[in-house]
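Student: Need a 3D model of the following:
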Amino acid sequence: MITTKDFSTIYADYAFFEAHSTEAHADVEGYLPFLRRRLKTEAALRWLDLGCGSGNFTSKLLTRLQAPPEHLHLTLVEPDAGYRQEAQAALQRFTTNTINAWSTMPTTISQRYDLALANHVLYYVPDLCGVVEQIVHRLKPRGRFLIAMAGRDNTLAHIWESSHPLLGQPLPYHTAENLEEVLAWLGYFYHKQRIDYIVRFADSEQNRLHLLRFIFADHFDERYRRQLLHLLQPYQTAGDIVIQTHHEQYQIVPIL
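Tutor: The predicted model follows:
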């Protein structure tokens, strides 16, 4: 899986975002009702985790889900080798089965999955339509593809758009609007729900830089540091930066 955002240079910044955001907790709560219903009807759960990162989010989700370890079969796809090894080690405790972990999705396997998960991943794939189609074709007839993705009304996307006078570049990643265009073009049926979350941290230059480097990654231009730091000024509240925003969760139903 090729990605247009290199996380290897922003490990600490991404970890900062995870530590100071309720996004992961909100996503777990959003996914759990469906996953718990699915556990009641499936003897085994074959789970494809696309862009699993360090496995931190999936660990939170599986901790709450409490699937029987002998029934859970995990396949991880993560292009970052460091993250991939970390995720494989972190998630092994949830299953008695061997975890497959790949840098990209093999084209030769015939395995079908009960569940595919792309949690805040599809922003960064060059071929959004191709990836969605490939994953849906790997699902069983009753399988589901679960996706979390923010649209242009997300505050972090708005912060990027506010940088346009400085960086001269619109948001270079896919958004929920692009995903819905792809789903309409492919003719896939889906459900969606809104997920609200908060980013909150003590206001300091270093902390602002953590969030901005997470957002902009290699697009962060040190020449405009002061101006980019100022983009967070509207969110200052009583010594903190507080961002209340939202994204969407999608459940895609494969075509039989």
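Student: residue boundaries of the strands in this protein?
Tutor: Under the criterion DSSP state E, strands of the chain are mapped to 45-50, 72-77, 100-102, 113-119, 139-149, 189-202, 236-237, 240-253.
Student: CA atoms of the fourth one as PDB?
Tutor: Written as PDB, here are the backbone C-alpha positions of strand 113-119 (Å, rounded to 0.1, in the frame of the first residue of the first chain):
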ATOM      1  CA  TYR A 113     -12.600 -11.400   5.100                       C
ATOM      2  CA  ASP A 114     -15.600 -10.800   7.400                       C
ATOM      3  CA  LEU A 115     -14.400  -7.400   8.200                       C
ATOM      4  CA  ALA A 116     -12.000  -4.800   6.800                       C
ATOM      5  CA  LEU A 117     -11.000  -1.700   8.700                       C
ATOM      6  CA  ALA A 118      -9.500   1.500   7.400                       C
ATOM      7  CA  ASN A 119      -9.400   3.900  10.400                       C
END
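Student: Export the strands of the chain to TSV and append columns for distance to residue 35 and mean neighbour count.
Tutor: Every residue, glycine included, has its C-beta placed from N, CA and C. Formatted as TSV, the strands of the chain follow (distance: least, Cβ to Cβ, whole Å; neighbours: other Cβ atoms under 10 Å):
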stretch	distance to residue 35	mean neighbour count
strand 45-50	8	23
strand 72-77	11	22
strand 100-102	20	16
strand 113-119	8	22
strand 139-149	8	19
strand 189-202	14	14
strand 236-237	35	12
strand 240-253	11	19
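Student: Spatially nearest residue to residue 229, not counting backbone neighbours?
Tutor: Leaving aside its chain neighbours, residue 229 sits nearest to residue 208 (5.1 Å; criterion: Cβ to Cβ, 6 or more residues apart in numbering).
Student: most centrally placed residue in the protein?
Tutor: Centroid-nearest residue in the chain: residue 120, 1.8 Å away (criterion: Cα atoms, centre = their mean).
Student: Next, count neighbours for residue 186.
Tutor: 13 (other Cβ atoms under 10 Å).
Student: what's the distance between the residue nearest to it when sequence neighbours are not counted and residue 177?
Tutor: Leaving aside its sequence neighbours, residue 186 sits nearest to residue 133 (Cβ to Cβ, 6+ apart; 6.1 Å). Separation of residue 133 from residue 177 (Cβ to Cβ, to the nearest Å) stands at 18 Å.
Student: picking up where we left off before, okay, the strands of the chain in CSV with distance to residue 34 and mean pLDDT next?
Tutor: Output for these, formatted as CSV (distance: least, Cβ to Cβ, whole Å; pLDDT from 0 to 100):
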stretch, distance to residue 34, mean pLDDT
strand 45-50, 12, 96
strand 72-77, 16, 96
strand 100-102, 23, 94
strand 113-119, 9, 97
strand 139-149, 7, 95
strand 189-202, 9, 97
strand 236-237, 35, 97
strand 240-253, 7, 97
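Student: Tabulate those strands (CSV), appending distance to residue 212.
Tutor: Putting the strands of the chain into CSV (distance: least, Cβ to Cβ, whole Å) gives the following:
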stretch, distance to residue 212
strand 45-50, 26
strand 72-77, 28
strand 100-102, 31
strand 113-119, 22
strand 139-149, 21
strand 189-202, 12
strand 236-237, 14
strand 240-253, 11
